[in-house]
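Enquirer: Dropping a prediction and its sequence here:
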2 protein chains.
Amino acid sequence: MEPMELRQLRYALAVAETRNFTRAARQCFVAQSALSHQIGSLEKELGVQLFARTSRRVELTPAGEAFLVRARQCVEAAELAVAEAAAAVGEVRGRLKVGIIPTVTAVDIPTVLQHYREQHPQVGVSLHMGASDAMSAQVAAGELDVAFLGLPDSREPQGVEARELTREKLVAVVSPDHPLADQKKVTLRRLADSPFADFPVGSQGRAQSDLAFEAAELEREVAYELMSAELMLRIVSRGLAVALLPAPLARAHPGVRVLSVIDGPRRVEYVAWSRFNPSPATRAFLAALP
Amino acid sequence: MEPMELRQLRYALAVAETRNFTRAARQCFVAQSALSHQIGSLEKELGVQLFARTSRRVELTPAGEAFLVRARQCVEAAELAVAEAAAAVGEVRGRLKVGIIPTVTAVDIPTVLQHYREQHPQVGVSLHMGASDAMSAQVAAGELDVAFLGLPDSREPQGVEARELTREKLVAVVSPDHPLADQKKVTLRRLADSPFADFPVGSQGRAQSDLAFEAAELEREVAYELMSAELMLRIVSRGLAVALLPAPLARAHPGVRVLSVIDGPRRVEYVAWSRFNPSPATRAFLAALP
DNA sequence: TCGCACCGATCGCGCAACACGATAGATCTA
DNA sequence: TAGATCTATCGTGTTGCGCGATCGGTGCGA
C-alpha cells in the first residue's frame, strides 16, 4: 500500500470544509471521480471511514474529526515550509492573520497594512476583530499570527511574545450637554455619578476602567456594554452615557467633550505574536511596524 | 508545476539526516536516482537550493535549514494524523518519547513500560534521561511526549500540563563510618558539617536541597556534583560525602545508613505532558499510569 | 406517485511522473 | 594515476492519477 500523500490530505480537508464531494472537487480543480478515488484509498489505507456519506449528505465521523485536526496542521506546516524556503532568498510569501482590538491607537492600521502590502505583495492578509484575551489565546494557539492588544497597565500578555507599543492614560468623554462638559479635568469620583458606556464584562478593555474604580473604591453604573469604540462615542455624544477611552480615539470624534481624568486608568498597547516559530510573513510584519 | 508532496519531504529529511543521497535513498527504499530527481524537482519548485552538494559532501543551505524545520513538523503531523485515525477505532499506534529524571520513585519505570508495551504493542517507546528543567522545556516544545519531573515542593511545572504523583521528604544518607551513622534523626545543622554529593547547580534536584539550606540560613560544601543517584550513593557508601535523596532510592542501596532529617526538604514528583494535543500514544500512557 | 435533480461510486482510458538501472562526470585518496 | 565514492542524467518501463461517462441511490416537487 502506498504511503499517504499531501494531495489526499488537501482533498480530505476540502471535503470536510464543503461537506460535499462535488464542490470539494471543484475547489481542488479536479474531477469528482478523482477526488472520490483519493478519499477512498486514503480511508482504505487508514482502515477507518473518515466521512459518513449518504447520497444526500456528507458528515465527518469521529475518526475523521480527529484525523483532520492533524491533517490541517500538516498542510499548514507544508505551506510554511514553502514560505520559509522563499524567505531564505528574500521573498516573503504566504498568508498573515492579524487580530485587532477596536481601540488600536499606537498605529494606524490601514497605513500599516498598506505599507506592508506594498513591500510584500505576495502575502495575503486577513483581519480579525476581537477582544484582547480571546486574541492572545488565538495567537498562542497559532490561529492568529499577530494581534494588537490593549491591557490595563498592571497586566502583561500571557503565553505570547509581545512588544509594548504605547502606554497612555484614558480620557473621559462626555456629551456637550453634560454638567462636566466645561471642565478640563475631572476625577473618577465625579464621573461615577453618570451612567457609563464601556466594553463588555470580561474584556481587558473593561478591566482597564473597572480596576481604576475598584482602586478608588467607587461604584459606577455601566448602562451600555459594547465592543465598538465608535458606537460608544456616538452614545456619548447623544448624552446617553459617559465613557473612558484612549485620547486619540476620543479626539478624532466630533460632538463630544474630552476631559482628562486626574486619577484615571492607564492602558498599554502591545503587539503580540507566537512564542514558537513565527512565519516569515509574521516576522516581516513585526519588522515593518514602527 | 506540480504541488509539493509528502514523499519529497520524507526524502529531503532523509538527506538532511544522513547528509548523503545514496544512504538516504537506501533508508527510503528507493534508488538513488529517484531520490535525486525528487530533491531536484522540489528545489526547482521552491526556487531555492536546499542542499549544497559537492560530489564529496552534502550540506544544508540556510534555506534548507529553515525549510526542513517545517518539513519535519509536517511529516510528524502526518504521522500523528494516521495515529489519531487508528485511535478512533481503538488501536493505539505511533511513537512515544518519555523523559525521566534519575530519581523517579513514584513509579517503577520498567514495570510501567512493560505494561504499556503489553497493552499497546504497536507503539515504539524511546527513553531519555535528563534534568527536570530541560525536559519540561522539551515537553513544551513537543520534543518529548511525557516526562517525569522532580521539583522542590514550593515549585510547580511551568508551561506544561502536569499531574502530581507523590510528595515526600528527602532523607540523609551517610556511610556506616560517619559520626552520625547511628542517629535515627538529624538536623540540617548537623549535616552541614560534612561535604555533600548533590546534583549539578541549576538542576531542580539541586534546588530541592539548596532551598532548604538557604531557608535554614546554613552553608554547606558540595564536594561532588553528578546527575546519577546511583553514583551518588556509591560515593556516600565510600565515606566521601553525605547526600539528601528520596527515601526509596536510599533504602534500596546497600552499604549506607539512612537518617530522617527533621527540617529536611520536601520534593514533589510530577508526570508532565504537552498542553497542546497529546498524541494517542501519550494519552494511553497517561491513562495507564497508576 | 412519478419523474427529476442531485450526489457519490465505479469503470475504462490516456498520460504524466515516478522508480529503476546504467553511466557519465566530479572530487578526494592512496 | 588508478581507484573509490558520490551525485546528476538519460532511457525505459510501470504505476497511479485524473478525466469523462455512467450507474445507483435518495429526496423533492409536480
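Expert: It's in. A quick note: this is a predicted structure, and the numbers were derived from the prediction, not measured.
Enquirer: quick one, what contacts the closest residue to chain B within the stretch 101-250 of chain A?
Expert: Scanning the stretch 101-250 of chain A for the residue nearest chain B gives A:Ala141, at 7.6 Å (criterion: Cβ to the nearest Cβ). C-beta here means a position set from N, CA and C on the backbone, and glycine is covered the same way. Listed by Cβ atoms under 8 Å, 6 or more residues apart in numbering or on different chains, the contact set of A:Ala141 reads B:Phe276.
Enquirer: Check the burial of A:Val58 by counting its neighbours.
Expert: Counted with other Cβ atoms under 10 Å in any protein chain shown, residues neighbouring A:Val58 total 19.
Enquirer: now A:Ser274: how far from DNA strand D?
Expert: Taking Cβ to the nearest atom of the strand, to the nearest Å as the measure, A:Ser274 falls 33 Å from DNA strand D.
Enquirer: Pull up the per-residue confidence for A:Arg70.
Expert: What the model reports as pLDDT for A:Arg70 is 96.
Enquirer: Name the nearest residue to A:Ser175, sequence neighbours excluded.
Expert: A:Gly239 (3.8 Å; Cβ to Cβ, 6 or more residues apart in numbering or on different chains).
Enquirer: burial count for that neighbour?
Expert: So A:Gly239, with other Cβ under 10 Å, has 15 neighbours.
Enquirer: Using the three-state scheme, assign it.
Expert: Of the three states, A:Gly239 takes coil according to DSSP: H, G, I helix; E, B strand; the rest coil.
Enquirer: Show the pLDDT at it.
Expert: Reading off the model, A:Gly239 has pLDDT 91.
Enquirer: What backbone torsions are found at it?
Expert: phi 80, psi 10 (degrees, to the nearest 10).
Enquirer: give the contact list for it.
Expert: Per Cβ under 8 Å, 6+ apart, neighbours of A:Gly239: A:Ser175, A:Asp177, A:His178.
Enquirer: In chain A, which residue sits closest to DNA strand C?
Expert: Here chain A gets closest to DNA strand C at one residue, A:Ser33, 2.9 Å apart by Cβ to the nearest atom of the strand.
Enquirer: which one's the longest strand in chain A?
Expert: For chain A, the longest strand by residue count, based on DSSP state E, is strand A:161-174.
Enquirer: mean confidence score for it?
Expert: 95.
Enquirer: Partner strands of it, with direction?
Expert: Paired neighbours of strand A:161-174 in the sheet (DSSP bridges): strand A:243-246 (antiparallel), strand A:257-261 (antiparallel), strand A:266-273 (antiparallel).
Enquirer: what's downstream of that strand, the next helix or strand?
Expert: strand A:185-186 (DSSP states H and E).
Enquirer: Partner strands of that next one and their direction?
Expert: Using DSSP bridges, strand A:185-186 pairs in its sheet with strand A:257-261 (parallel).
Enquirer: buried set for the strand it pairs with?
Expert: A:Arg257, A:Leu259, A:Val261 (16 or more other Cβ atoms under 10 Å in any protein chain shown).
Enquirer: So for the second one, what pLDDT did the model give?
Expert: pLDDT recorded at A:Leu259 is 95.
Enquirer: ok, how many other residues are close to the residue nearest to it when sequence neighbours are not counted?
Expert: Among residues not flanking A:Leu259 along the chain, A:Ala172 sits closest, at 4.4 Å (Cβ to Cβ, 6+ apart). Counted with other Cβ under 10 Å, residues neighbouring A:Ala172 total 28.
Enquirer: ok, A:Ala172 touching A:Ile262?
Expert: No: in terms of Cβ atoms under 8 Å, A:Ala172 does not count as a neighbour of A:Ile262; the distance is 10.2 Å.
Enquirer: which residues are in contact with both of those two?
Expert: If you check A:Ala172 and A:Ile262 against Cβ under 8 Å, 6+ apart, the residues they both contact are A:Val186.
Enquirer: Please enumerate residues in contact with the stretch of helix or strand A:Leu233 belongs to?
Expert: In the assignment (DSSP H and E), A:Leu233 maps to helix A:229-237. Residues outside helix A:229-237 that contact it (Cβ under 8 Å, 6+ apart) are A:102-103, A:173-175, A:197-198, A:224, A:226, A:241-243, A:245, A:249-250, A:253-256.
Enquirer: The same query, at a cut-off of 7 Å, please.
Expert: For helix A:229-237, the external contacting residues (Cβ atoms under 7 Å, 6 or more residues apart in numbering or on different chains) are A:102-103, A:173-175, A:197, A:224, A:226, A:241-243, A:245, A:249, A:253, A:255-256.
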